[in-house]
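Engineer: Structure of the sequence below:
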Amino acid sequence: MTASLKSHSHGQTMVLTISNPEHRNALGPDMYAAGVEALNVAENNPEVRSVIVTGEGAHFCAGGNLQRLMANRQQPPEVQAQSIEGLHNWIETIRAFPKPVVAAVEGACAGAGFSLALACDLILAAQNSVFAMSYSSVGLSPDGGATWSLMRAMPRATALQLLLCGDRASAERLWQLGVVSQVCAPGDALADAQALCDRLNARAPNALASIKELANDAPVVPLHAQLGAERDHFVRNLHHPNAGEGITAFLEKRPASYR
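Structural biologist: You can find the predicted model right below:
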């Protein structure tokens, strides 16, 4: 079976499914390119208001294909560097994407699969799912922004325990640390993610885009700069038609209809 990234719609949500079940949905260069292309299409489609990333079958993603990595050891280093650049392009595209991206995790979420989940805005994980930064277990160091994400998401010692030792972490543990947004019953991660996206889709897209941009910038800019950015986004959103609809709907005690 050929590894691929499948796409289908659930209402106003685009669902991207990592499909390589023979290898627990291991990633590869074709998936990276497909992921970037799918998000570029979704960004320009007003009918798409959110995106879910999930895995086919019992697992989210086991990371890189070790057989492919072993074969790449016989190739010039530029071959693997180019592959990682493809992954990193997908990671950066997710982070910069102006609409919410939700990871729906079942089973194994390891290596670059864990990095991919961390790049998403929210992670919904089945109670029995298992997360691992397994790079050091095979003599490798992380990619996919794993160090960047984990060092910002949790205390240094906790992040380094995962990164250096390759320890497994449960969904419950990562929820306690604030990395996982919601713990789901086994088998329910995708359905719960779709329900969450339905809630997000009912909100003003321009406001959500502003919130995501502001949240991404907040850890790396001074307070004064962040206050200025919040002011500019607020004023721009106040004068958007969606604010008129939202305020009117609230005062009239009815659901808002945003566009």
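Engineer: Show me what the helix or strand harbouring residue 224 is packed against.
Structural biologist: In the assignment (DSSP states H and E), residue 224 maps to helix 223-238. Packing contacts for helix 223-238, counted by 3 or more CB pairs under 8 Å, 6 or more residues apart in numbering; DSSP states H and E, involve helix 205-217. In short, each C-beta sits where N, CA and C put it, glycine included.
Engineer: Buried residues, the helix it packs on. List them.
Structural biologist: For helix 205-217, burial by neighbour count (16 or more other CB atoms under 10 Å) applies to 205, 206, 207, 208, 209, 210, 212, 214.
Engineer: Now do it: distance to the chain's middle.
Structural biologist: 15 Å (CA atoms, centre = their mean, to the nearest Å).
Engineer: what packs against it?
Structural biologist: Using 3+ CB pairs under 8 Å, 6+ apart: helix 205-217 touches helix 223-238, helix 241-251.
Engineer: which stretch among the ones you listed comes nearest residue 54?
Structural biologist: helix 241-251 (28.9 Å; CB to CB).
Engineer: Show residues contacting the closest one.
Structural biologist: 204, 205, 206, 207, 237, 255, 256, 257, 258, 259 (CB atoms under 8 Å, 6 or more residues apart in numbering).
Engineer: tell me which residues in it are buried?
Structural biologist: For helix 241-251, a neighbour-count test (16+ other CB under 10 Å) marks 242, 243, 246 as buried.
Engineer: what's the model's confidence in that helix, averaged?
Structural biologist: Here helix 241-251 scores 98 as its mean pLDDT.
Engineer: pull the CA atoms of that helix into CSV?
Structural biologist: Provided in CSV are the C-alpha atoms of helix 241-251 (Å, rounded to 0.1, in the frame of the first residue of the first chain):
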residue,chain,number,x,y,z
PRO,A,241,-18.8,43.1,9.3
ASN,A,242,-18.5,40.1,11.6
ALA,A,243,-18.2,42.3,14.6
GLY,A,244,-21.4,44.0,13.7
GLU,A,245,-23.1,40.7,13.3
GLY,A,246,-21.6,39.3,16.5
ILE,A,247,-22.5,42.2,18.7
THR,A,248,-26.0,42.5,17.3
ALA,A,249,-26.6,38.7,17.7
PHE,A,250,-25.4,38.9,21.3
LEU,A,251,-27.8,41.8,22.1
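Engineer: Please state the offset of the lowest-mean-pLDDT helix or strand in the chain from the chain centre?
Structural biologist: In the chain, no helix or strand scores lower on mean pLDDT, DSSP states H and E than helix 66-72, which sits at a mean of 93. On the basis of CA atoms, centre = their mean, helix 66-72 sits 25 Å off its chain's mean C-alpha point.
Engineer: got it, and stretch 143-155?
Structural biologist: Between the centre of stretch 143-155 and the centre of its chain there are 13 Å (CA atoms, centre = their mean).
Engineer: what sits up against it?
Structural biologist: Applying CB under 8 Å, 6+ apart, the external contacts of stretch 143-155 come out as 84, 87-88, 91, 112, 114-116, 118-119, 133, 135, 159, 162-163, 177-179, 219.
Engineer: Show me which of those residues are buried.
Structural biologist: Buried by 16+ other CB under 10 Å: 87-88, 91, 112, 114-116, 118-119, 133, 135, 159, 162-163, 177, 179, out of these.
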